[in-house]
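When you get a sec, could you give me coordinates for this:
(one chain, ligands or ions: 1)
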Amino acid sequence: MPGKPKYYLTTPIYYTNGLPHIGHTYSTIVCDTIRRYKRMRGYDVVMTTGTDEHGVNVERAAKKAGVAESEFVAKMAAEWKALWDELGIPSDEFIRTTDLKHAHTVQWLFKLCRENGYVYPGHYTGQYCIYDNAYVDVKPGENCPDCGRPTETVTEANYFFKLSTFQKPLLDWYAQHPEFIQPESRRNEILSFVEGGLRDLSITRTTIRWGIPVPGEEPHVFYVWFDALTAYLSAVGGPNYEKQGYWPADVHIVGKDIIRFHTVYWPAFLMAAGLPLPKQVWAHGWFLMDAAKMSKSKGNVVTPRPIVGVLGMDALRYYLLRETVFGQDGNFSYDALVQRYNSDLANGLGNLASRTAAMIEKYFDGSVPAVVAGIDPRYDALLHTALADIADISRYYDVFNFSRVLERIWNLISEVDKFLVIQQPWTLAEDPSKRDHLARILYASAEALRIASVLAHPVMPESTQKIWNLLGQKTNLDLQSLDELTWGQLKAGTQLGKSQALFPRIEKAEAIERMEAMENEPQKPVTAPAAATATGGAAAAPQAAPEKIGIEDFAKVEMRVGQIKTAERIVGADKLLKLTVDIGTEIRQICAGIAPFYEPEKLIGRKVAVVVNLAPRKLRGVESNGMIIAASVGPEGRPVLAGFPDEDVEIGARLK
Ligand code: MSP
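Numbers count the residues shown, from 1 in each chain. Okay, the predicted model is just below:
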């Protein structure tokens, strides 16, 4: 019997100089959704993610942290991996570019390219952006055109890859494989880039130490993209890829920022080595915050944990995939997130599930009613909508049109809602002669709900499994075949399972404040417990047992005495006060989650302890540049401002 067809997909491998934010989480959620969908379609799927651990950035970050590079990246890689596990989106293969098997694959790929005549030694001088790990086309003294940060002039001996000779082969490849670059707009962008001519590419470095050595050519180490891209191959067998049978990849999911590396460099490297090319590269857009790409340096980063803590992972998955058309940029907004949660999840899916189950419980003792055969146009309309959805939604999944998938499922949900409003089963229940009709209506609702759950499972695995169990199904929904899904599979007489809370309604302002407060706490490492911190935010989150830190860690936090100059409430944010605080060198605007406990006018002139070197953030749309220290008192975490009762200390004095 032939085995299942294999399907291989990848997320980008993420840099280890920071921790995941919503943008990275989006790439991984997308891949997890595709993986789940493909498994439900009968594929043997492998999904790879991992960490990109070499390069000058890491060298510098490790130095700053006073640890060896290997130690630094090991800790960061563990953080990334643990977070994906915690969020329920672990990869099947987690590749680190410091893995030995990866080094062997990179060295092997280089050897093949060199033997085939596509590598030559040379010198290179250029402006290099250390943040993007790339030479950029600017003059000395100019900033990086991509990220706007300073560039450095670098001259070094390196090996070059003859990218220029691949212009025609690449253009031919794109022409023969129109599906290779998606979406279409990116394809056009890459076509014109390649048509404009390609320059040879330096693929090794002699100026940095932290990289995979080029065998016999020390001090050359591999250039970051030659190293990083190869991770996709090392994860599934490297030189022995044929034995594992997953290469070539079916799809690389990437952000639009790295499409060029994946659709120009990577296929050229593989062509040069005589290896098979991936079938597709799909570039999604960015999640923006206030119209800018999220980045740590801009202080506009949103991370997944606070959202998951308040609304749950399925809500985050739903929001990210529903709100934005895959391939386009989207704006992240807490407001829209909670709005979607309440309207689509709490009032939509959650409410339908609990209503339907409650009525079957009440009128049929919790047992799915049998349907008396016969044509009934009211009931058939629902059946036809569901059948059309089954066919269309698979097609939308196939082209990664997740927003359309969800639109259609939520259309079915609202059809069932309307159907219930029109049919009024609660009225029919009062008339014993209408029992068959009542059975039909409740069967149809439950069956449509079952179908909606199966179809939504790849996007919302946890809550759909709960609904599946609520409908009396005992199996793991992951194993449900989408190919066999059809109307009428819910068996009459099935006893419903226990009802469970799916998406409790939440008050918008409170949810946002809780998420923002958690976001403003220092990120807690997953692999080690975090130190307890006072917070300028509102509700105190559970605090882990304190870890001991060295004095050098403490010294990183700059705290100064500040004096509150003005204080006012923020419309729409019950817990926040907007303060201006004199910290000696300047007046800062800081938001503090103390509004329920302090009258603004009584704070004027008060001296407080301020963390002054926190990256600025926006809280409910208001810029906050620093944090006021407060004790967190009692189980509800009531904030009590730290102060200086003994002496009138000078404004700007440092706290040590
Ligand atoms: N290490 C390289 C990729 C090497 S792949 C062989 C890299 N890493 S990264 O940590 O910067 O993460 C890149 C990916 O994270 C992006 O391509 C994108 O998939 C995702 N995102 C990072 N910020 C993002 C947004 N604001 N929005 C959506 N996704 C973005 O580049």
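
For the residue sitting furthest away from the middle of the chain, give me the pLDDT.
Going by CA atoms, centre = their mean, the residue of the chain most distant from its centre is residue 433, 53.3 Å out. On the pLDDT scale, residue 433 is placed at 91.

would you say it is within a helix?
Yes: assessed by DSSP: H, G, I helix; E, B strand; the rest coil, residue 433 belongs to a helix.

how close does it get to residue 569?
Distance, residue 433 to residue 569, using CB to CB, to the nearest Å: 61 Å. Glycine gets a C-beta too; all of them are placed from N, C-alpha and C.

just residue 259 next, same as before
From residue 259 to residue 569 the distance is 46 Å (CB to CB).

Those two: who's more crowded?
Of the pair residue 259 and residue 569, residue 259 is the one with more neighbours under other CB atoms under 10 Å, namely 22 against 14.

I figured residue 108 hits residue 241, correct?
No: the criterion here is CB atoms under 8 Å, and residue 108 misses it with residue 241 at 10.5 Å.

list the contacts for whichever residue of the stretch 401-550 of the chain sits closest to the ligand?
Using CB to the nearest ligand atom, residue 402 is the residue of the stretch 401-550 of the chain that sits closest to the ligand, at 14.0 Å. For residue 402, the contact set (CB atoms under 8 Å, 6 or more residues apart in numbering) comprises 30, 33, 321, 322, 326, 396, 459.

switch to 7 Å and redo it
33, 321, 326, 459 (CB atoms under 7 Å, 6 or more residues apart in numbering).

ditto for residue 118
Neighbours of residue 118 in contact, by CB under 7 Å, 6+ apart: 161, 162, 272.

same question, residue 396
404, 405.

got it, and residue 149?
By CB under 7 Å, 6+ apart, the residues touching residue 149 are 129, 131, 143.

Also residue 101?
Per CB under 7 Å, 6+ apart, neighbours of residue 101: 234, 238.

wait, is it part of a strand?
No: using three-state DSSP, the secondary structure at residue 101 is helix, not a strand.

who's in contact with stretch 354-368?
Against stretch 354-368 from outside (CB under 7 Å, 6+ apart): 425, 429, 438, 442-443, 445-446, 449, 470, 472, 490-496, 499.

I'd like the list of those that fall within helices, please.
Assigned to helices by DSSP state H, the following of these qualify: 425, 438, 442, 443, 445, 446, 449, 470.

Tabulate those residues (TSV), appending pLDDT and distance to residue 580.
Output for the ones in helices among the contacts of stretch 354-368, formatted as TSV (pLDDT from 0 to 100; distance: CB to CB, whole Å):
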residue	pLDDT	distance to residue 580
425	94	59
438	93	64
442	95	60
443	94	63
445	95	56
446	96	58
449	97	53
470	97	52
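
pLDDT below threshold where in the stretch 301-450 of the chain?
Residues of the stretch 301-450 of the chain meeting the criterion pLDDT under 70: 373-375.

Please list the residues outside stretch 617-624 that contact it.
By CB under 7 Å, 6+ apart, stretch 617-624 touches 290, 299-300, 512, 516, 520, 570, 572-573, 576, 578, 589-591, 616.

Just the CA atoms of it, as CSV, please.
The C-alpha trace of stretch 617-624 is given here as CSV (Å, rounded to 0.1, in the frame of the first residue of the first chain):
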residue,chain,number,x,y,z
ARG,A,617,5.7,52.2,24.4
LYS,A,618,2.2,53.3,23.5
LEU,A,619,-0.6,52.5,26.1
ARG,A,620,-4.1,52.9,24.7
GLY,A,621,-2.6,55.0,22.0
VAL,A,622,-0.7,57.3,24.4
GLU,A,623,3.1,57.4,24.4
SER,A,624,4.7,56.2,27.7
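
Can you give the distance of that stretch from its chain's centre?
The chain centre lies 22 Å from the centre of stretch 617-624; the measure is CA atoms, centre = their mean, to the nearest Å.

And what about residue 568, helix, strand or coil?
Criterion first, three-state DSSP; result for residue 568: strand.

Before I go, just wanted to say thanks for your time.
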